[in-house]
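A.B. asks: Pasting the sequence and the predicted coordinates here, then a few questions.
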Amino acid sequence: MQVAAILLLLALALVTPSSSAERKCVLAGLWINDLGSNMTINSVNEAGEFSGTYHTAVTAGNGEIKISPLQGSQHRENNSNQPTFGFTVNWSFSDSVAVFVGQCFVDKDGREILKTMWLLREQVGSLGDDWKATRVGVNVFVRRALRRE
Ligand code: BTN
């Protein structure tokens with residue numbers, strides 16, 4: 001009888017989805033943000049470094065949008081399941097650079113979400129135009145494709 005009870009508990013533990021606090025937020029994968037921009041993050045290495053690509057849905061310039069490379073790092077000592085990170089996008093179709101900082105969260109339904117803040121520096125021709133060279137904002141990313149466990 002006791003064995004049956006233990007087996008039942010074990011089975012229940014196996015089928016019960018883990019809570020959001022237990023599930024790890026993983027940066028690698030395909031993401032889409034509130035502007036419709038798509039981002040791919042490749043695997044994060046032992047040092048927390050990663051690379052990827054960014055396909056923005058919008059641009060401040062007139063040039064044709066092209067997929068641009070990104071380089072970033074996830075906090076290494078942050079053993080939390082909801083790590084902080086930062087990455088730089090070096091736009092391949094404009095002379096600007098954007099940096100993003102953020103944190104990966106798992107919401108109450110187990111969905112991963114990246115809350116980020118960005119700073120974009122555009123190249124200007126003179127010191128006098130420096131005042132208009134930076135923009136700032138926030139973006140929220142959700143996972144586009146299911147991640148492999
Ligand atoms: C440029 O216009 O000079 C390059 C493209 C910038 C796109 C910005 S970066 C912050 C914001 N989030 C996005 O997904 N796209 C815009």
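C.D. replies: Cool, the structure landed. Quantities reported herein were computed from a predicted structural model and do not represent experimental measurements.
A.B. asks: host element of Val101?
C.D. replies: strand 97-106 (DSSP states H and E).
A.B. asks: Tell me the helix or strand right after that strand.
C.D. replies: strand 112-121.
A.B. asks: Run through who's touching that next one.
C.D. replies: 25-27, 31, 33, 60, 96-107, 133-143, 147 (CB atoms under 8 Å, 6 or more residues apart in numbering). C-beta coordinates here come from the backbone N, C-alpha and C atoms, glycine included.
A.B. asks: Report the buried residues of it.
C.D. replies: Buried residues in strand 112-121, counted by 16 or more other CB atoms under 10 Å: Glu112, Ile113, Leu114, Thr116, Trp118, Leu120.
A.B. asks: ok, now stretch 36-54?
C.D. replies: Ser37, Asn38, Met39, Thr40, Ile41, Val44, Gly48, Phe50, Gly52, Tyr54.
A.B. asks: ok but the third one is inside a strand, no?
C.D. replies: The one in question is Met39. Yes. The assignment for Met39 by DSSP: H, G, I helix; E, B strand; the rest coil puts it in a strand.
A.B. asks: Identify the residue spatially nearest to it, adjacent ones excluded.
C.D. replies: Distances taken as CB to CB, 6 or more residues apart in numbering place Trp31 nearest to Met39, at 4.6 Å, with adjacent residues excluded.
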